[in-house]
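Undergrad: Here's my sequence, what's the structure:
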Amino acid sequence: MPDFPMTLSDSRRPLRRAPVRHVSGRRPLVSVLLPTYNRPRYLAEALASAVRQTYRNLEILVIRDGGEEVADVVGSFHDARVVFIDRKENRGKPASLNEALSRAQGKYVAYLDDDDLYYPHHVETLVNVLERQTDFHVAYSDLYKTYWTALPGLVAAERASDRIALSKRVEISRDFDRFLMLYFNHVLHVSLMHRRDLLDRTGLYNESLNVLIDWDMTRRLAFFSDFLHVPAITGEFYSPIGACDRLSFQGRQDPQEYLKNVLTIRTTRPPKPWTKIKDLSIILLVDRLDGDAVDTMRRIRRHTFYPYRLYVPHPQADRLQSRIRIPHITFVPVENADTPAGWLDAAMRACDGDYIAVVPGTLPVAEMWLENALHALLKSTEPEGFFLEGATPQLWSAVLRRTDLESARRAYPHLAIEASLAAAGVPIRPPREEELPFQFDELLRQAKQAEANGDWTTTVRLCEHMTRHFQNDLWMKTMIAQAYLAAGDYARAELLSHQINEEQPTVDTLLLEARVHRRKKDYPRAIHLLRQAGEWLKSPVPPPIPAEENSCPA
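TA: Okay, here's the model as predicted:
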């Protein structure tokens with residue numbers, strides 16, 4: 001059998017660090033982690049944005065991960081809050097973050113990449129909500145995605161940085177979705193702040209990863225805390241037009257290496273107890289362990305993103321446990337059992353999942369094969385189970401609450417699995433469409449398709465529905481205003497775009513309102529908004545909108 005990459009739980013080591021520093025009468029210390037590698041010109045901008053925070057009780061840990069010397073850049077700030085870890089060896093971003101964490105003393109941890117920027121209120125915004133909202137130990141804000149290009153050599157030589165911003169867009173302003181976080185990251189690290197003591201439960205950064213490092217940590221944080229979304233723009237992350245030197249981008253160029261990282265992250269299970277996620281046990285029922293059964297195990301590993309452990313009841317469990325090397329698999333000894341129901345009962349005595357998926361060895365396994373049914377079960381309050389994708393009368397397969405399955409098996413141990421459930425009054429059904437996960441993402445896809453087709457009525461209807469049921473208000477209002485503008489309904493487009501710019505203006509929404517006024521031939525107002533957007537584009541910190549200039553013209 002092939003070897004599989006080591007997961008974080010296999011390589012986890014204790015976090016050795018300085019104790020949290022409490023200063024009487026002062027607000028909590030925040031540790032800002034800023035790893036850098038071969039970007040001295042951008043580092044100066046990033047570090048300056050951390051130093052100028054309105055929240056002053058900071059320690060800023062700059063970690064040189066080998067590469068170009070940056071001591072002169074760091075030293076030029078003459079700020080006692082800056083701690084410089086000058087490492088000549090390039091060991092990668094996870095190792096840099098772990099080294100910084102071993103020295104960090106803050107109650108909270110924040111992150112800043114060496115080519116990104118904080119706005120002055122970033123740290124204060126997140127500290128304020130975390131100190132008030134005691135049920136949340138993680139918070140994140142919105143960021144501009146700033147598209148940039150490199151300046152010509154002579155021009156670049158006259159500037160502190162060789163890049164110029166071409167556009168700033170809030171591409172996503174999304175509320176926290178734990179199920180989505182298990183599947184895909186929707187919270188950028190630069191926007192994130194969390195309590196440092198959460199790392200005692202999640203473990204350190206996985207130094208075997210070379211891509212998706214941030215998602216690995218945010219996914220593990222989601223096992224132990226809800227994330228509070230603060231819909232305020234508090235910084236920028238930079239995205240070049242054309243060639244990209246970001247290591248996260250380069251790491252995606254090898255499909256096999258990228259997949260290895262994804263699977264390592266998906267199979268990472270922090271130590272229990274988990275406070276926000278229920279565990280899942282998958283019980284694979286096979287009459288013989290042949291190539292097809294092993295292939296099913298591999299496909300389960302590849303296509304399952306919800307945290308699980310796989311149990312395989314088999315008479316030769318001890319021999320198989322040492323021979324088949326797949327993460328989170330347990331072979332369960334079975335004696336005096338020659339039916340699927342008997343195998344299931346043996347596996348249930350060994351597993352500890354809150355939910356149990358019963359899977360025949362020949363079930364076809366593909367993306368979302370289990371999660372569609374599991375999501376419906378997570379939302380259900382009834383004693384019921386749900387058929388998995390690909391289940392048939394000949395391939396009976398379902399996911400249930402452990403308590404319901406145990407109760408049925410205790411009451412009717414001599415019946416087949418599905419018959420015992422029926423006798424115990426636990427119905428099994430397919431999930432309905434409205435019970436499937438990622439409803440917001442599917443509606444968003446439909447809205448964007450309607451927009452591409454010029455069906456503005458459908459775009460508005462879908463976006464209004466998403467605003468009512470899924471929040472993400474700013475994002476949806478912007479899409480609705482764009483649809484009204486494209487449909488020629490300038491009155492509604494003006495009203496909504498102006499409302500957005502009163503609440504939370506961005507470069508994008510200022511340009512949107514300017515386009516509305518240009519279509520209405522209100523050129524003075526359009527020019528004013530264009531100039532305002534231009535100032536925001538040039539400035540690393542968007543200037544405030546004067547109150548008298550932010551009133552809608554008669």
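Undergrad: give the contact list for K145.
TA: 168-171, 236-237, 239 (C-beta atoms under 8 Å, 6 or more residues apart in numbering). (Glycine included, C-beta is placed from N, CA and C.)
Undergrad: so which of those is the most crowded?
TA: When neighbours are counted by other C-beta atoms under 10 Å, E236 leads these with 23 neighbours.
Undergrad: isn't Y144 right up against T506?
TA: Yes. With contacts counted by C-beta atoms under 8 Å, Y144 reaches T506, the gap being 7.2 Å.
Undergrad: When those two are compared, which one has more neighbours?
TA: Neighbours per residue, other C-beta under 10 Å: of Y144 and T506, the larger number sits with Y144, 26 against 22.
Undergrad: Would you indicate which residues of the helix or strand hosting the more buried one are buried?
TA: According to DSSP states H and E, Y144 maps onto strand 136-150. Buried residues in strand 136-150, counted by 16 or more other C-beta atoms under 10 Å: 136-144, 146, 148.
Undergrad: and it, how far out from the chain's middle?
TA: How far strand 136-150 lies from its chain's middle: 13 Å, per C-alpha atoms, centre = their mean, to the nearest Å.
Undergrad: Let me see the mean pLDDT of it.
TA: Taken as a whole, strand 136-150 carries a mean pLDDT of 91.
Undergrad: go on, stretch 392-409?
TA: Stretch 392-409 comes out at a mean pLDDT of 96.
Undergrad: What residues does G75 make contact with?
TA: For G75, the contact set (C-beta under 8 Å, 6+ apart) comprises F84.
Undergrad: how close does it sit to D86?
TA: 11 Å (C-beta to C-beta, to the nearest Å).
Undergrad: before we move on, what about L117?
TA: L117 is 23 Å from D86, by C-beta to C-beta.
Undergrad: Same drill for the two, tell me which one is more crowded.
TA: Set L117 next to D86 and count neighbours by other C-beta under 10 Å: L117 wins out with 24 against 12.
Undergrad: need the contact list for that one.
TA: By C-beta under 8 Å, 6+ apart, the neighbours of L117 are 45-46, 49, 235-236, 238, 540.
Undergrad: Scan these and report the most crowded one.
TA: Greatest neighbour count in these, by other C-beta under 10 Å, goes to G235: 26 neighbours.
Undergrad: which SS state does that one fall under?
TA: The local conformation at G235, judged by DSSP: H, G, I helix; E, B strand; the rest coil, is strand.
Undergrad: What is the nearest of the buried residues of strand 136-150 to I164?
TA: Using C-beta to C-beta, W148 is the member of these that sits closest to I164, with 6.2 Å.
Undergrad: Provide the backbone phi and psi angles at the residue nearest the centre of the chain.
TA: Nearest to the mean C-alpha position of the chain, by C-alpha atoms, centre = their mean, lies N185 at 2.3 Å. With angles defined as degrees, to the nearest 10, N185 sits at phi -80, psi 130.
Undergrad: which pair in the buried residues of strand 136-150 spans the largest distance?
TA: Going by C-beta to C-beta, the pair spanning the buried residues of strand 136-150 furthest: H137 and W148, at 33.8 Å.
Undergrad: so A423 makes contact with P413?
TA: No. Contact criterion C-beta under 8 Å: A423 and P413 do not qualify, at 11.0 Å.
Undergrad: Tell me which residues touch S76, please.
TA: S76 is in contact with A44, counting by C-beta under 8 Å, 6+ apart.
Undergrad: hmm, back to that, hey, what's in contact with both of Y144 and T506?
TA: Taking C-beta under 8 Å, 6+ apart as the contact rule, Y144 and T506 both touch 168-170, 233.
Undergrad: Just send the residues you listed back as TSV, with distance to T264, pLDDT and secondary structure too.
TA: Below are the shared contacts of Y144 and T506 laid out as TSV (distance: C-beta to C-beta, whole Å; pLDDT from 0 to 100; DSSP: H, G, I helix; E, B strand; the rest coil):
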residue	distance to T264	pLDDT	secondary structure
K168	34	84	strand
R169	31	83	strand
V170	31	83	coil
I233	33	90	strand
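Undergrad: any low-confidence regions in the stretch 351-500 of the chain?
TA: For the stretch 351-500 of the chain, no stretch is flagged by pLDDT under 70.
Undergrad: what about the strands in it?
TA: 355-360, 385-387, 398-401, 428-429 (DSSP state E, counting those that start in this stretch).
Undergrad: what comes up buried for stretch 439-457?
TA: Those would be 440-441, 443-444, 447, 450-451, 455-456, for stretch 439-457 by 16+ other C-beta under 10 Å.
Undergrad: Put the alpha carbons of that stretch into PDB.
TA: Extracted C-alpha coordinates of stretch 439-457, given in PDB (Å, rounded to 0.1, in the frame of the first residue of the first chain):
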ATOM      1  CA  GLN A 439     -27.700  26.800  -0.700                       C
ATOM      2  CA  PHE A 440     -26.200  30.300  -0.700                       C
ATOM      3  CA  ASP A 441     -23.500  29.300  -3.100                       C
ATOM      4  CA  GLU A 442     -26.000  27.600  -5.500                       C
ATOM      5  CA  LEU A 443     -28.300  30.600  -5.400                       C
ATOM      6  CA  LEU A 444     -25.300  32.900  -6.000                       C
ATOM      7  CA  ARG A 445     -24.300  30.800  -9.000                       C
ATOM      8  CA  GLN A 446     -27.900  31.100 -10.400                       C
ATOM      9  CA  ALA A 447     -27.900  34.900  -9.800                       C
ATOM     10  CA  LYS A 448     -24.600  35.300 -11.600                       C
ATOM     11  CA  GLN A 449     -25.800  33.200 -14.500                       C
ATOM     12  CA  ALA A 450     -29.000  35.200 -14.700                       C
ATOM     13  CA  GLU A 451     -26.900  38.400 -14.700                       C
ATOM     14  CA  ALA A 452     -24.800  37.000 -17.500                       C
ATOM     15  CA  ASN A 453     -28.000  36.200 -19.500                       C
ATOM     16  CA  GLY A 454     -29.300  39.700 -18.900                       C
ATOM     17  CA  ASP A 455     -32.200  38.400 -16.800                       C
ATOM     18  CA  TRP A 456     -32.100  41.200 -14.300                       C
ATOM     19  CA  THR A 457     -35.500  40.400 -12.700                       C
END
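Undergrad: Now do it: distance to the chain's middle.
TA: For stretch 439-457 - counting by C-alpha atoms, centre = their mean - the centre lies 23 Å from the chain centre.
Undergrad: again with stretch 221-229
TA: Stretch 221-229 has its C-alpha centroid displaced from the chain centroid by 10 Å (C-alpha atoms, centre = their mean).
Undergrad: which outside residues touch it?
TA: With C-beta under 8 Å, 6+ apart as the test, stretch 221-229 has contacts from 129-130, 133, 135-141, 174-176, 178, 181-182, 187, 194-195, 198, 201-202, 218, 270, 274-277, 307.
Undergrad: now the closest residue to V507 other than its chain neighbours: how far from L43?
TA: In space, and not counting its chain neighbours, V507 is closest to K168: 4.2 Å by C-beta to C-beta, 6 or more residues apart in numbering. Here the criterion is C-beta to C-beta. By it, K168 lies 21 Å from L43.
Undergrad: With V127 instead?
TA: Plainly put, V127 is 24 Å away from L43 if you go by C-beta to C-beta.
Undergrad: re the thing from before, pretty sure the residue nearest to the centre of the chain contacts M217?
TA: No. Contact between N185 and M217 fails when scored by C-beta under 8 Å: they sit 9.5 Å apart.
Undergrad: With R266 as the reference, measure out to P431.
TA: Remark: distance between P431 and R266 (C-beta to C-beta) = 22 Å.
Undergrad: Likewise for R402?
TA: Separation of R402 from R266 (C-beta to C-beta) stands at 22 Å.
Undergrad: Pick out whichever of those two has more residues nearby.
TA: The residue with more neighbours, out of R402 and R266, is R266; 23 against 18, by other C-beta under 10 Å.
Undergrad: For that one, give me the pLDDT.
TA: R266 carries a pLDDT value of 94.
Undergrad: for it, what are its contacts?
TA: 182, 304-305.
Undergrad: and M466, which of the strands of the stretch 351-500 of the chain is closest to it?
TA: Smallest distance to M466 across these (C-beta to C-beta): 25.0 Å, for strand 385-387.
Undergrad: Listing partners with orientation, what would you give for the closest one?
TA: Sheet pairing of strand 385-387 (DSSP bridges) gives strand 398-401 (antiparallel), strand 428-429 (parallel).
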